[in-house]
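Student: Here you go, sequence then predicted model.
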Amino acid sequence: MTLRFSVLASGSTGNAIYVETGNQKLLIDAGLSGKKIENCFKQINISPESLDGILVTHEHSDHIKGVGILARRYDLPIYANDKTWKAMEGLLGNIPIEQRFHFEIGETKLFGDIDVESFGVSHDAAEPMFFTFQHSGRKLALVTDTGYVSDRIKGTTKEANTFIFESNHDMDMLRMGKYPWSVKRRILGDEGHVSNVDAALALSDIIMDSSANVYLAHLSLDNNMKELARMTVHQTLEEQGIHVGKQVKLFDTDPLKPTALTAV
């Protein structure tokens, strides 16, 4: 069966991604209310009751808001690393011990017929990590919530057929915007978020001579726009010798509307 995915929601107001094959269905993060995530699933004709588990990247509320309620409602196992579990104490509500599982940075776990590899990112959380998903020779890479894209991340995600990749902010919009300087400094720092230009530069290093679909993710509501992100990434990739439309195809994500369920 095909490896398929949908970005259910992506942005500073909440994040959730769905990945499936014929016999395995995974939710990565649940940063919206349970009701909103259920509505997102309804839009792609998937029942949350069919999920096999929830993978958590880190403890920030825009990634875990609905984790506890969904896990209890559908009796789902939750996978997170030890430091993230400790950071989530008191944030998820009561989670029975039999629903708590550990998935540490650098591990590869087999979920049904999906190989899931975790890798660390640079973000101001306890021990943030993201994932690649592989099945039948196809590879999906999820990279958001990082202040920069390290060589290790580039090496782990290379040869992916599809990227869900952070393109958080436009530098000028952020610098001229309403945020206090302390918040701007956090976003611009090594443990903050990747800008449109830096996303494109990192992607150009990863993709090089291969081809890929790229979903621009985790856009800031205040410091970015879909059209601006797409235009900036397009232009920067072209400047680096990556041909957009032929070698790379760019797609939008949305804070409320899921992307179509698509093969990797």
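Tutor: The structure has been received and is ready for your questions.
Student: what comes into contact with the longest helix anywhere in the chain?
Tutor: Counting residues, the longest helix found in the chain (DSSP state H) is helix 226-239. Residues from elsewhere that reach helix 226-239, judged by CB atoms under 8 Å, 6 or more residues apart in numbering: 167, 170, 173, 196-197, 199-201, 203-204, 214, 216, 219, 244, 248, 250, 252. From N, CA and C alone the C-beta is placed, and that goes for glycine too.
Student: Based on its surroundings, how many neighbours for S10?
Tutor: 29 (other CB atoms under 10 Å).
Student: How about the contacts made by it?
Tutor: I17, T144, I164, Y215, A217, H218, L219, T253, D254, P255.
Student: How about N224?
Tutor: S167, N168, H169, D170, M173, N196.
Student: go on, M173?
Tutor: With CB under 8 Å, 6+ apart, M173 has these contacts: D222, N223, N224, L228.
Student: tell me which element the first one falls in.
Tutor: Okay, so that is D222. Counting by DSSP states H and E, no helix or strand carries D222.
Student: Secondary structure of F163: a helix, I assume?
Tutor: No - under DSSP: H, G, I helix; E, B strand; the rest coil, F163 sits outside any helix and is assigned strand.
Student: That one pairs with what?
Tutor: Beta-bridge pairing for F163 (DSSP bridges): A141, V214.
Student: give me the low-pLDDT residue ranges for this structure?
Tutor: For the chain, no stretch is flagged by pLDDT under 70.
Student: What segments of it are strands?
Tutor: For the chain, the strands defined by DSSP state E cover 4-9, 16-20, 25-28, 53-55, 78-80, 100-102, 108-111, 114-120, 129-135, 138-143, 162-166, 212-217, 248-252, 262-263.
Student: Who does the third one pair with, and is each partner parallel or antiparallel?
Tutor: Read it as strand 25-28. Applying DSSP bridges, one finds strand 25-28 paired with strand 16-20 (antiparallel), strand 53-55 (parallel).
Student: any chance of the ones you listed in CSV, plus mean neighbour count?
Tutor: As requested, the strands paired with strand 25-28 are arranged in CSV below (neighbours: other CB atoms under 10 Å):
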stretch, mean neighbour count
strand 16-20, 25
strand 53-55, 24
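Student: picking up where we left off before, quick check: ChimeraX command selecting the buried ones in the contacts of M173.
Tutor: Selection of buried members from the contacts of M173 for ChimeraX, criterion 16 or more other CB atoms under 10 Å:
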select :223,224,228
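Student: what's the most distant pair in the contacts of M173?
Tutor: D222 and L228 (12.5 Å; CB to CB).
Student: Surely S6 is in contact with I44?
Tutor: Yes - using CB atoms under 8 Å, S6 is in contact with I44, at 5.0 Å.
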